[in-house]
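Asks: Here's my sequence, what's the structure:
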Amino acid sequence: MVLQSIHLADRLQLKCRPHGIHLTCDRPEVPADARNLAYQAAELLQKECHSAAGVEIHIEKHIPVAAGLAGGSADAAAVLVGLNQLWGLGLTVGELQSLAARLGSDIPFCIQGGTQLATGRGEVLEPLADWEGIPVLWPSPSTWGFLPPGPIKPFVPVRSVWERMPHPSLRCPPCRRCWRLSAVRIHRHWPGVCAMTWNRWFCRSTRL
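Replies: Residues are numbered from 1 along each chain as shown. Sure, this is the predicted structure:
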């Protein structure tokens, strides 16, 4: 699939503390504990880099919650990048993306952003030329949102949802539609771009 970052983002504040991870958010429905991908990102860095440093994380939400816009994944990516600087870990972009892939399949993309062709389970990325000057309208009524079936557990980690999805249909090589989409985008044929744009997550989630 082709992934594209847009000018819509949450705001995160990271502050050093002697030890531990403390997370807060201005949206009460967003979990402020180990269920949150941002919390898991900080925890993963502590473990993998053998760091005893702590952090206070505050998330100011602007990306609609549970709208399929990778808000939680983007927050986790921001924590990985931010703590790499704040704690002076010196990890490369590639190393951060390798860690990110352990948290969720779209988080490696969120580390770098831009326009990229994603294959594998989403973590294998190939940069494409940027899409410039394209206005984006995203209707997001408050009744929309995706939660996995079964007992209500808000914001199940992406990895858990992924493991419940049909393996063959998602972990596929670049599809013909993706290559056609790349071609019409290069020629700036926007009706063609729109005709080949769809919500892949919605199609898969409805089968769970």
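
Asks: so the nearest residue to Gln97 once chain neighbours are set aside is in which element?
Replies: Closest residue in space to Gln97, ignoring its immediate chain neighbours: Pro108 at 4.0 Å, by CB to CB, 6 or more residues apart in numbering. In short, each C-beta sits where N, CA and C put it, glycine included. If you go by DSSP states H and E, Pro108 is part of helix 107-112.

Asks: how about stretch 54-73: buried residues?
Replies: Of all the residues in stretch 54-73, those buried under the rule 16 or more other CB atoms under 10 Å are 54-55, 57-59, 63-73.

Asks: Quick check: the two most widely separated of those?
Replies: Farthest-apart pair in those is Gly54 and Gly68; separation 32.2 Å (CB to CB).

Asks: re the thing from before, might you report the residue contacts of the residue nearest to Gln97?
Replies: 97-98, 100-101, 122-123, 125 (CB atoms under 8 Å, 6 or more residues apart in numbering).

Asks: okay, it: pLDDT?
Replies: What the model reports for Pro108 is a pLDDT of 95.

Asks: same deal with the one 4 residues further on?
Replies: What the model reports as pLDDT for Gln112 is 89.

Asks: what do you get for the one 3 residues further on?
Replies: According to the model's per-residue confidence, Thr115 sits at a pLDDT of 86.

Asks: Spatially nearest residue to it (excluding sequence neighbours)?
Replies: In space, Thr115 is closest to Leu128, 4.5 Å off (CB to CB, 6+ apart).

Asks: Same question for Lys15.
Replies: Counting by CB to CB, 6+ apart, Glu56 is the residue found nearest to Lys15 once chain neighbours are left out, at 4.4 Å.

Asks: what sits up against the host helix or strand of the one you found?
Replies: Applying DSSP H and E as the criterion places Glu56 in strand 54-60. Contacts of strand 54-60 with the rest of the structure, by CB under 8 Å, 6+ apart, involve 10-27, 30, 38-39, 42, 75, 79, 83, 86.
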